[in-house]
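A.B. asks: Here is a sequence together with a model predicted from it:
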Amino acid sequence: MPYFYQQTDAFPPTYLTQLLRKIQACPYFSTNNLNRDFVGTKGFSIVFTCQGLPTVDRQFPFFPYLDHALQADCNAFYLNPLPLQQGSRVDPHIDRSLQSYDKTVDPPAWVSVLYVELPPNLSGGTLILRDHRRQVGQITPRINTLIRFQGNLTHSVTAMTSPGTRLSLVCEQYALTEAELAKIPTFAIESRVRVR
């Protein structure tokens, strides 16, 4: 099985323009609530299960990305827009975001990444994938490219050295047991901003 898949021109360009505008205007968009591996980043996160997908569609109608990206064998998801600016980076890690709800949850089956915005002269910001110590992927971001990689891979993003914004939409996709799934919110928003 390949470690990762790439699809170029995943969406109409007009959708990416709208998606970027809606993410930037979202009231939950603030300093990131992710862990210390995400250096100098912003964003917010949405936790949901298959049952909660209609609520996501209602509250965030600008994410038809999910119709295309979600895998049929997965039942719980952690979605977050992730912008990097000059000096931002993501240190090596394996995604385990749902462990804040259940410590026994394994890494996701898959992680999907859609590149929404990039600086015109991108320097840095490369996605590095490793299987244990062996590098199995080095992906230079391209706008409107959808990446899907195995969720148990260690991955990182090299420091952005160019000015501008590298915005990706990341979705961790989990295949949980019924017992694990019962501990995951059907729908929840994680943000440093409290919206009334």
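C.D. replies: Arrived safely.
A.B. asks: residue nearest the centroid of the chain?
C.D. replies: Val170 (1.2 Å; Cα atoms, centre = their mean).
A.B. asks: Which other helices and strands does whichever strand or helix holds it contact?
C.D. replies: Element membership of Val170 [criterion: DSSP states H and E] is strand 166-174. With contacts defined as 3 or more Cβ pairs under 8 Å, 6 or more residues apart in numbering; DSSP states H and E, strand 166-174 has these neighbours: helix 13-25, helix 65-69, strand 76-93, strand 110-117. Bear in mind the C-beta positions are built from the backbone N, C-alpha and C, glycine included.
A.B. asks: Let's have those in JSON lines, adding mean neighbour count.
C.D. replies: As requested, the helices and strands packed on strand 166-174 are arranged in JSON lines below (neighbours: other Cβ atoms under 10 Å):
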{"stretch": "helix 13-25", "mean neighbour count": "14"}
{"stretch": "helix 65-69", "mean neighbour count": "16"}
{"stretch": "strand 76-93", "mean neighbour count": "20"}
{"stretch": "strand 110-117", "mean neighbour count": "23"}
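A.B. asks: Can you say which of the ones you listed is nearest to Ser45?
C.D. replies: Checking these against Ser45 by Cβ to Cβ gives strand 76-93 as the closest, at 4.2 Å.
A.B. asks: could you redo the helices and strands packed on strand 166-174 as JSON lines and give each row distance to Gln138 and mean pLDDT?
C.D. replies: Listed next are these as JSON lines, based on distance: least, Cβ to Cβ, whole Å; pLDDT from 0 to 100:
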{"stretch": "helix 13-25", "distance to Gln138": "24", "mean pLDDT": "92"}
{"stretch": "helix 65-69", "distance to Gln138": "22", "mean pLDDT": "92"}
{"stretch": "strand 76-93", "distance to Gln138": "13", "mean pLDDT": "90"}
{"stretch": "strand 110-117", "distance to Gln138": "14", "mean pLDDT": "97"}
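A.B. asks: List just the one of the ones you listed that sits closest to Glu178.
C.D. replies: The nearest among the helices and strands packed on strand 166-174, by Cβ to Cβ, is strand 76-93 at 11.3 Å.
A.B. asks: Go ahead and confirm the residue nearest to the centre of the chain touches Asn80.
C.D. replies: Yes: taking Cβ atoms under 8 Å as the definition, Val170 is a contact partner of Asn80 at 5.4 Å.
A.B. asks: Show the subsequent helix or strand relative to the helix-or-strand element of the chain with minimal mean pLDDT.
C.D. replies: Least confident helix or strand of the chain, by mean pLDDT, DSSP states H and E, is strand 38-43 with a mean of 56. Next helix or strand after strand 38-43 toward the C-terminus (DSSP H and E): strand 45-49.
A.B. asks: just to revisit the earlier point, quick check: angle from the strand holding Val170 to strand 45-49?
C.D. replies: Orientation of strand 166-174 against strand 45-49 (axes from the mean of the first three to the mean of the last three Cα atoms, to 10 degrees) gives an angle of 30 degrees.
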